[in-house]
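**Student:** could you look at this predicted model? Sequence included:
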Amino acid sequence: MKVTRALLPLLPLCQRLLPIRLAGLSLTLLKATALEIAILAGHLVLYPSGIASERRRPPVPAQSLADLPDPDLDAGGTADAARLPTADKPPVVLLHGFIDNRSVFVLLRRSLAQHGRQQIESLNYSPLTCDIRTAAELLGRHIEEICERTGRQEVDIVGHSLGGLIARYYVQRLGGDVRVRTLVTLGTPHAGTRVVPLMNAHPIVRQMRPGSGVLEELREPAPHCRTRFVSFWSDLDQLMVPLETACIQHPDLLAQNVRVSGIGHLALPVHPAVAAGIRQALDAEEETARAAAHTGGLTVA
């Protein structure tokens, strides 16, 4: 921790009055915590708007996609003018985290739409969901419906926290790799998290603990899995204990772990640098993804 000369006399007192970890709080962590609080406040305001499932729109011809307004943009449509052209890409499915809803993706959805992603679906699963396997089966049915409605064979998925784990179970254990081209996870406890032991009363939290039956299934061989995985993990994620649990470590999966510095768990689906990294991951060709999988990750914020 960098301490200014004016604060040096107070340092011993701080170390006596506060736990060592609190006494060593860095400016970066303080900024990240302040950002988390601000994001939480904003999300509480937006939360009611995402409770209901979004309205499904019929597919439109590719040439008219650029003129189609996004439902989550402001009423004035001011962001439409900033849309960028893009090659024909699969629909993007956004899947929220524990006790959340699709409103968490308002900014990410806008970013994707502005950069040419016109087919974006935000899915809600029930807050009463008590089993990752059941939620993954429901996700599979949703994706089949999306493919049938859009005429596409594949989708890309972005999952935040628990949403990433549900999507990974669908891909890896339920044959979803035939439908999912790229799975991007944001702060997902791939190896289980030990945070807040008192939450073990909830069955889905128990499934996110190290050594749970679900996580043991995900450790099993998956030699023919065709989906590409990109896992964004934060070095200040308060809900990932240990932090590296948000990385995918599996010998059979084509996976890239991207380290995000200086932001917390709630900021992952909101931060513009992460949004840029997500766009890059979704647009990467397979050869590029294979090369990136061996780089050890990138710092994007």
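**Tutor:** Structure received. Residues are numbered from 1 along each chain as shown.
**Student:** surely residue 98 touches residue 162?
**Tutor:** Yes: contact criterion C-beta atoms under 8 Å: residue 98 and residue 162 qualify, at 4.3 Å. Glycine gets a C-beta too; all of them are placed from N, C-alpha and C.
**Student:** quick one: common contacting residues for these two?
**Tutor:** residue 204 (C-beta atoms under 8 Å, 6 or more residues apart in numbering).
**Student:** the two: who's more crowded?
**Tutor:** Neighbours were counted for residue 98 and for residue 162 using other C-beta atoms under 10 Å; residue 162 has more, 25 against 17.
**Student:** what about the more buried one, distance to residue 36?
**Tutor:** As for residue 162, its distance to residue 36 is 18 Å (criterion: C-beta to C-beta, to the nearest Å).
**Student:** and residue 133, how many neighbours?
**Tutor:** Neighbour number of residue 133 under other C-beta under 10 Å is 16.
**Student:** pretty sure it contacts residue 169?
**Tutor:** Yes: Residue 133 is in contact with residue 169 according to C-beta under 8 Å; the separation is 6.5 Å.
**Student:** overlap of the contact sets of these two?
**Tutor:** Joint contacts of residue 133 and residue 169 (C-beta under 8 Å, 6+ apart) are residue 214.
**Student:** end to end, how far does stretch 202-211 reach?
**Tutor:** 16 Å (C-alpha to C-alpha, to the nearest Å).
**Student:** show me how far that stretch is from its chain's centre.
**Tutor:** Its chain's C-alpha centre and that of stretch 202-211 lie 19 Å apart, by C-alpha atoms, centre = their mean, to the nearest Å.
**Student:** flag the shaky bits of the stretch 51-200 of the chain, pLDDT-wise.
**Tutor:** Along the stretch 51-200 of the chain, segments meeting pLDDT under 70 span 55-87.
**Student:** please enumerate the helices of the stretch 51-200 of the chain.
**Tutor:** 106-114, 132-150, 162-173 (DSSP state H, counting those that start in this stretch).
**Student:** I'd like the next helix or strand past the host helix or strand of residue 206.
**Tutor:** Assigned by DSSP states H and E, residue 206 belongs to helix 203-207. Once the chain leaves helix 203-207, the next helix or strand it forms, by DSSP H and E, is helix 213-219.
**Student:** what helices or strands is the helix or strand following that following helix leaning on?
**Tutor:** Next along the chain after helix 213-219, taking DSSP H and E as the criterion, comes strand 228-234. Judged by 3 or more C-beta pairs under 8 Å, 6 or more residues apart in numbering; DSSP states H and E, the packing partners of strand 228-234 are strand 180-186, strand 254-260, helix 272-283, helix 286-292.
**Student:** show me how far stretch 119-135 is from its chain's centre.
**Tutor:** Offset of stretch 119-135 from its chain centre (C-alpha atoms, centre = their mean): 14 Å.
**Student:** for stretch 96-112, same thing?
**Tutor:** Here the centre of stretch 96-112 is set off from its chain's centre by 9 Å, with C-alpha atoms, centre = their mean.
**Student:** between the two ends of that stretch, how far is it?
**Tutor:** Termini of stretch 96-112 sit 16 Å apart (C-alpha to C-alpha).
**Student:** would you mark the buried spots in it?
**Tutor:** Neighbour-count burial for stretch 96-112 flags 96-98, 100-112 (criterion: 16 or more other C-beta atoms under 10 Å).
**Student:** of those, closest to residue 234?
**Tutor:** residue 97 (13.6 Å; C-beta to C-beta).
**Student:** so what touches the helix holding residue 206?
**Tutor:** The contact list for helix 203-207 (C-beta under 8 Å, 6+ apart) reads 98, 129-132, 162, 196, 199-200, 212-215.
**Student:** one more pass at 7 Å, please.
**Tutor:** Outside helix 203-207, the residues that touch it by C-beta atoms under 7 Å, 6 or more residues apart in numbering are 129-132, 199-200, 212, 214.
**Student:** what of stretch 121-141?
**Tutor:** So stretch 121-141 is contacted by 53-54, 91, 93-95, 99, 101-102, 105, 109, 142, 146, 165-167, 169-170, 174, 176, 203-204, 207, 214 (C-beta under 7 Å, 6+ apart).
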